[in-house]
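when you get a sec, could you give me coordinates for this:
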Amino acid sequence: MTRLLFAHRDFPYFAPRLQAAFPQLEIDTAVDLPAAEDKLADAEIIVSVDHTFNDARLAAAPKLRWIQTMTTGTDALERARTLRKDIVITNMRGIHGPQMSEMAFLYMLNLARRFAQTLDNQRNHRWQRWDQVRLAGKTVLIVGTGLVAEALAPRCKAFGMTVSGVSRTPRALPHFDRVEGYANIKALAAQADFLVLIAPYSKVTHQLVNAELLGVMKKSAFVLNLARGSLCHEAALIDALKTKRIAGAGLDVFNSEPLPVDSPLWDMDNVIITPHVAGSSDDNLALQWPIIEGNLRCFLDGRAGDMINRVTLKKHD
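Presented below is the predicted three-dimensional model:
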């Protein structure tokens, strides 16, 4: 029998469904991979989140043949030196577009209209008015033009925004007014009212938002990071926010998570902080199940080539 380790907090939802659909499986469960280290030696399939994989855990799983990540990103697996080349890797690419787009708009609308101050005024029974900033006519620069961008761009156009994109492969894309390479990011950032980071981590995107890039942006512009904390030079961003070099930021991801309690970001009135939930939704489990079920059926049938969301790792340090 094939042994599957489901090391994720949502195993109570998935394990019974897997056992019912695949009675030939032996299923081990745990809340996460660190809690399942005693089960790694026998695991042929592991379902877990990418960031919990490391060299020691991969080395402790000699029978491993397939990893299904519960995330889209595969940063930790790309850094792993003990990951064998014959292991199939699949991810959850394609299910996060709507919820991440909605989070981007939550940031844009709240930051542009200073809604935190509006709520504070309401709590204090204070009647205070100011000119409301509209999104119509503004320019959004979307860094990363994958499936999330495909969902975000048409929503931006529906609000009457100009949409620019930065991609490793510049090309004409629906709902984008222009898409250029990373070499041109400074020129595009200088025109942007909102810079939205949804690109995967790579050597190219490492600390992409740094003092130099922030220095060319409008003072009225906002940075939104829904990708990885490592895409921002956090100290440079904090300085730009403190000195009002830019108008504000919406941040879902950070260099260290949870965000340390002493981070100055917590107390900035021009920052919205969310706890790495942009890709989450009330129907995530129902969206993830068909990917897991379909890929497992292919894998057990010996049709690994038919599995969806297969990942070709780009190794980086």
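
what segments of the stretch 51-200 of the chain are strands?
Using DSSP state E, counting those that start in this stretch, the strands of the stretch 51-200 of the chain run over 66-69, 88-90, 139-143, 162-166, 178-180, 194-197.

and the angle from the third one to strand 162-166?
Translated: strand 139-143. Between the direction of strand 139-143 and that of strand 162-166, the angle (axes from the mean of the first three to the mean of the last three C-alpha atoms, to 10 degrees) works out to 20 degrees.

so what strands line up beside strand 139-143?
Strand pairing for strand 139-143, using DSSP bridges, gives strand 162-166 (parallel), strand 194-197 (parallel).

now the last one - C-alpha only, CSV.
Presented in CSV, the C-alpha positions along strand 194-197 are these (Å, rounded to 0.1, in the frame of the first residue of the first chain):
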residue,chain,number,x,y,z
PHE,A,194,-0.1,51.7,-6.6
LEU,A,195,2.8,49.1,-6.9
VAL,A,196,1.4,45.6,-6.3
LEU,A,197,3.8,42.8,-5.7
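
so how far is the next helix or strand after it from its chain's centroid?
If you walk from strand 194-197 toward the C-terminus, the next helix or strand you reach (DSSP states H and E) is helix 211-216. Relative to its parent chain, helix 211-216 has a centroid offset of 23 Å by C-alpha atoms, centre = their mean, to the nearest Å.

show me what the very next helix or strand once past helix 211-216 is packed against.
For helix 211-216, the following helix or strand on the C-terminal side (DSSP H and E) is strand 222-225. Contact analysis of strand 222-225 by 3 or more C-beta pairs under 8 Å, 6 or more residues apart in numbering; DSSP states H and E lists helix 97-112, strand 194-197, strand 248-251 as its packing neighbours. For every residue, glycine as well, the C-beta is placed using N, CA and C.

pLDDT of strand 222-225, averaged?
Looking at strand 222-225 alone, the average pLDDT works out to 99.

residues contacting that strand, please?
Applying C-beta atoms under 8 Å, 6 or more residues apart in numbering, the set of residues contacting strand 222-225 from outside is 104, 107-108, 111-112, 193-197, 209, 214, 217, 231-232, 237, 246-253.

mind checking which of those residues are buried?
Using 16 or more other C-beta atoms under 10 Å as the burial test, these include 104, 107-108, 111-112, 193-197, 209, 214, 217, 231-232, 237, 246-253 as buried.

redo the strands of the stretch 51-200 of the chain as CSV? Include mean pLDDT.
Converted to CSV, the strands of the stretch 51-200 of the chain look like this (pLDDT from 0 to 100):
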stretch, mean pLDDT
strand 66-69, 98
strand 88-90, 98
strand 139-143, 99
strand 162-166, 98
strand 178-180, 98
strand 194-197, 99
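
possible to save those strands as CSV with distance to Val261?
Shown next, in CSV, are these (distance: least, C-beta to C-beta, whole Å):
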stretch, distance to Val261
strand 66-69, 29
strand 88-90, 35
strand 139-143, 29
strand 162-166, 33
strand 178-180, 39
strand 194-197, 24
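
right, so of the ones you listed, which gets closest to Gly279?
With distances scored as C-beta to C-beta, the stretch of these nearest to Gly279 is strand 66-69 (12.2 Å).

now for that closest one, which elements pack on it?
The contact analysis (3+ C-beta pairs under 8 Å, 6+ apart) places strand 66-69 against strand 45-48, strand 88-90, helix 284-300.

can you lay out the ones you listed as CSV showing distance to Arg65?
What follows is the helices and strands packed on strand 66-69, written out as CSV (distance: least, C-beta to C-beta, whole Å):
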stretch, distance to Arg65
strand 45-48, 7
strand 88-90, 7
helix 284-300, 8
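
packed most tightly, which of those would that be?
Across the helices and strands packed on strand 66-69, averaging neighbours per residue (mean count of other C-beta atoms under 10 Å) puts strand 45-48 on top, at a mean of 26.
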